[in-house]
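Student: what shape does this take:
(4 chains)
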Number of protein chains: 2
Amino acid sequence: MKGKETRTHLNREDVLDAAANLVKQHGPGALTMRKLAAELGTAVTSIYWHVGNRESLLDALVERTVADLGEIRPSGATPDRRVVSVARALRRQLRDHPHLVAMVHERGLTERMFLPAQRALVHEVHAAGLRGARAADAVRAVQIHVVGHVLVERNRERAPVQRPGEDELWTAETAERDAALARALAGPLDPEALFTTSVRALVAGLLGP
Amino acid sequence: MKGKETRTHLNREDVLDAAANLVKQHGPGALTMRKLAAELGTAVTSIYWHVGNRESLLDALVERTVADLGEIRPSGATPDRRVVSVARALRRQLRDHPHLVAMVHERGLTERMFLPAQRALVHEVHAAGLRGARAADAVRAVQIHVVGHVLVERNRERAPVQRPGEDELWTAETAERDAALARALAGPLDPEALFTTSVRALVAGLLGP
DNA sequence: ACCTGAACACCGTTCAAGT
DNA sequence: ACCTGAACACCGTTCAAGT
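Tutor: Prediction:
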């Protein structure tokens, strides 16, 4: 019982709110039925009455969070840039909900999540002159690239110090005597910059001749 | 006790073998200390003597599997094609060890895993004339694209039927009156083909002018 | 050096019983 | 309609005790 507003009956929304809070504060691992019950000040079993079971609780939670995501507005003069801007906006959305990505991924709901972005991409790809199957490929390629990139990014952030450690692995000798390359690979990675670079390259390749 | 060769003492290798088997046959979720003990015909606690705890057991398992991956040989006439071939080989490796990807991802070891591929990429990117930071970006962009793509692919496979379902979502109206596009987006996705398309586009964009 | 069972603190879920 | 505690079948891990 964490002294919020008092209520006569527990309801589905309360459960979802508390669950969202738990995840936001202590990560998805902290979302257990028992901790949730403690948070709500009820018996564990009450929760089951409202949300079925843990599985569907997570489903509902993900569903709600996805629904709350803002829409995506393309910006930029050329179709190229507008597609890139959609990709960046999508990445930003995902990064703003760090736990969401993991949960969606775990639940295999990646597809369903990205309709708004997909619509925006369809529009821009069309504007670039692509049609039919070719347009569909472009949309999907960008989409997968963004989601994949965010997944890998998040993974990299969570990862503790790597042993052997890239700084030891990449020296001028192992990098074919390209000292600058060795330094770059050994040094830290700027995900934002790399993302922009790769999306630009991908879009150029997809929309180009 | 699954009547393999008899042995006097349990050892670390036996434990890892059994663990790998469990994962291969029933997925990572089936790898519990207790099931593992049952499989080995020992007390649960014996395992702890050999591998420390579950955490380090998983670490060791991932480590071993990664070490067993074959090396990557580029093929193709132009640097473009050779980079694409490395990407495809890497994807193939990852797909051949379906559980590995998830485990590596969960453990945040994605970096460490891809050294061989990274070396191959460095070589090809160099051959294409890129140097220094620009080369590093290209290598990392391709690498992240492959890993990300495989993660999303696996996710998509695991995902059951999607509700609403893309076939209902994408009609000619919602697809800006492009019926072929609607059909393509509603239809099934060919991951192999899409992967090739996107990698080609990405590489063209990265190595191109 | 290696193995053991008992015990602890956690899980999710079911169910019969309460109001 | 909503809530409850008891109970079940699982977890990972520690520890003292065995050989």
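
Student: in the longest helix seen in chain A, what counts as buried?
Tutor: The longest helix of chain A (DSSP state H) is helix A:132-158. Buried residues in helix A:132-158, counted by 16 or more other C-beta atoms under 10 Å in any protein chain shown: A:134-155. (C-beta placed from N, C-alpha, C; glycine too.)

Student: out of these, which touch chain B?
Tutor: A:135-137, A:139-141, A:144-145, A:147-152, A:155 (C-beta under 8 Å from any C-beta of the partner chain).

Student: quick check, nearest of those residues to DNA strand D?
Tutor: A:Asn155 (21.3 Å; C-beta to the nearest atom of the strand).

Student: on the pLDDT front, check the closest one for me.
Tutor: pLDDT for A:Asn155: 82.

Student: next up, the contacts around it.
Tutor: B:His105, B:Gly108, B:Thr110 (C-beta atoms under 8 Å, 6 or more residues apart in numbering or on different chains).

Student: now do A:Pro28
Tutor: Counting by C-beta under 8 Å, 6+ apart, A:Pro28 makes contact with A:His99, A:Ala102, A:Met103, A:Glu106.

Student: give me the domain ranges for chain A.
Tutor: With automatic domain parsing as the criterion, the domains of chain A are listed as A:12-52, A:67-207.

Student: most tightly packed of the ones you listed?
Tutor: Using mean count of other C-beta atoms under 10 Å in any protein chain shown, the stretch among the domains of chain A with the largest mean neighbour count is domain A:67-207, at a mean of 19.

Student: now do the longest helix of chain A: distance to the chain's middle.
Tutor: For helix A:132-158, the separation from the chain centroid amounts to 10 Å (computed by C-alpha atoms, centre = their mean, to the nearest Å).

Student: cool, and stretch A:61-76?
Tutor: On C-alpha atoms, centre = their mean, the centre of stretch A:61-76 falls 11 Å from that of its chain.

Student: distance between the ends of that stretch?
Tutor: Start and end residues of stretch A:61-76 are separated by 34 Å (C-alpha to C-alpha, to the nearest Å).

Student: likewise stretch A:121-140?
Tutor: Start-to-end span of stretch A:121-140 (C-alpha to C-alpha) is 9 Å.

Student: pLDDT averaged over it, what's the number?
Tutor: Stretch A:121-140 comes out with an average pLDDT of 95.

Student: got the contact list for that stretch?
Tutor: Residues contacting stretch A:121-140 (C-beta under 8 Å, 6+ apart): A:74, A:79-80, A:82-83, A:86, A:118, A:142-143, A:206-207, B:175-176, B:178, B:180-181, B:184-185, B:189, B:194, B:197-198.

Student: the residues you listed in strands, which ones?
Tutor: Among the contacts of stretch A:121-140, none falls in strands (DSSP state E).

Student: still on that earlier bit, filter the contacts of A:Asn155 down to the ones close to DNA strand D.
Tutor: The subset of these lying close to DNA strand D, counting by C-beta under 7 Å from any atom of the strand, is empty.

Student: save these as TSV, and put in secondary structure, pLDDT and distance to B:Thr65 too.
Tutor: Below are these laid out as TSV (DSSP: H, G, I helix; E, B strand; the rest coil; pLDDT from 0 to 100; distance: C-beta to C-beta, whole Å):
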residue	secondary structure	pLDDT	distance to B:Thr65
B:His105	helix	78	13
B:Gly108	coil	70	16
B:Thr110	helix	70	14
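
Student: rank the domains of chain A by pLDDT, which is bottom?
Tutor: Of all the domains of chain A, the minimum mean pLDDT falls on domain A:67-207 (a mean of 88).

Student: please see if that domain touches DNA strand C.
Tutor: No. If you take C-beta under 7 Å from any atom of the strand as the test, domain A:67-207 misses DNA strand C, and the best it gets is 13.5 Å.

Student: thinking again about what came up before, what two of the contacts of A:Pro28 are the furthest from one another?
Tutor: A:His99 and A:Glu106 (10.5 Å; C-beta to C-beta).

Student: and the residue of chain A found nearest chain B, how close does it get to A:Arg200?
Tutor: Nearest to chain B in chain A, going by C-beta to the nearest C-beta, is A:Gly148, at a distance of 1.9 Å. Using C-beta to C-beta, to the nearest Å, we find A:Gly148 at a distance of 16 Å from A:Arg200.

Student: please apply the same query to A:Val146.
Tutor: Per C-beta to C-beta, A:Val146 is found 13 Å from A:Arg200.

Student: cool, and A:Ala180?
Tutor: Counting by C-beta to C-beta, the gap from A:Ala180 to A:Arg200 is 21 Å.

Student: also A:Leu69?
Tutor: 24 Å.

Student: ranges for the helices of chain A?
Tutor: A:12-26, A:33-40, A:44-51, A:54-67, A:79-96, A:98-107, A:110-113, A:115-127, A:132-158, A:166-169, A:179-186, A:191-207.

Student: format the ones you listed as CSV; extra columns: distance to B:His26.
Tutor: CSV is the format used below for those (distance: least, C-beta to C-beta, whole Å):
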stretch, distance to B:His26
helix A:12-26, 28
helix A:33-40, 25
helix A:44-51, 27
helix A:54-67, 19
helix A:79-96, 31
helix A:98-107, 18
helix A:110-113, 24
helix A:115-127, 34
helix A:132-158, 24
helix A:166-169, 35
helix A:179-186, 38
helix A:191-207, 35
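
Student: so which of the ones you listed comes closest to B:Leu22?
Tutor: Closest to B:Leu22 of those is helix A:98-107 (C-beta to C-beta; 20.4 Å).

Student: hmm, who's touching that closest one?
Tutor: So helix A:98-107 is in contact with A:23-24, A:27-28, A:58-59, A:61-62, A:65-66, A:94, A:110, A:113, A:150-151, A:154, B:151, B:155, going by C-beta under 8 Å, 6+ apart.

Student: okay, the angle between it and helix B:132-158?
Tutor: 50 degrees (axes from the mean of the first three to the mean of the last three C-alpha atoms, to 10 degrees).

Student: tabulate the CA atom coordinates of helix A:98-107 in PDB.
Tutor: The C-alpha trace of helix A:98-107 is given here as PDB (Å, rounded to 0.1, in the frame of the first residue of the first chain):
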ATOM      1  CA  PRO A  98      13.900   1.700 -22.700                       C
ATOM      2  CA  HIS A  99      12.100  -1.100 -21.000                       C
ATOM      3  CA  LEU A 100       9.400  -1.200 -23.600                       C
ATOM      4  CA  VAL A 101      11.800  -2.300 -26.300                       C
ATOM      5  CA  ALA A 102      12.900  -5.300 -24.300                       C
ATOM      6  CA  MET A 103       9.400  -6.200 -23.400                       C
ATOM      7  CA  VAL A 104       8.000  -5.900 -26.900                       C
ATOM      8  CA  HIS A 105      10.900  -7.900 -28.200                       C
ATOM      9  CA  GLU A 106      10.500 -10.600 -25.600                       C
ATOM     10  CA  ARG A 107       6.800 -10.900 -26.400                       C
END
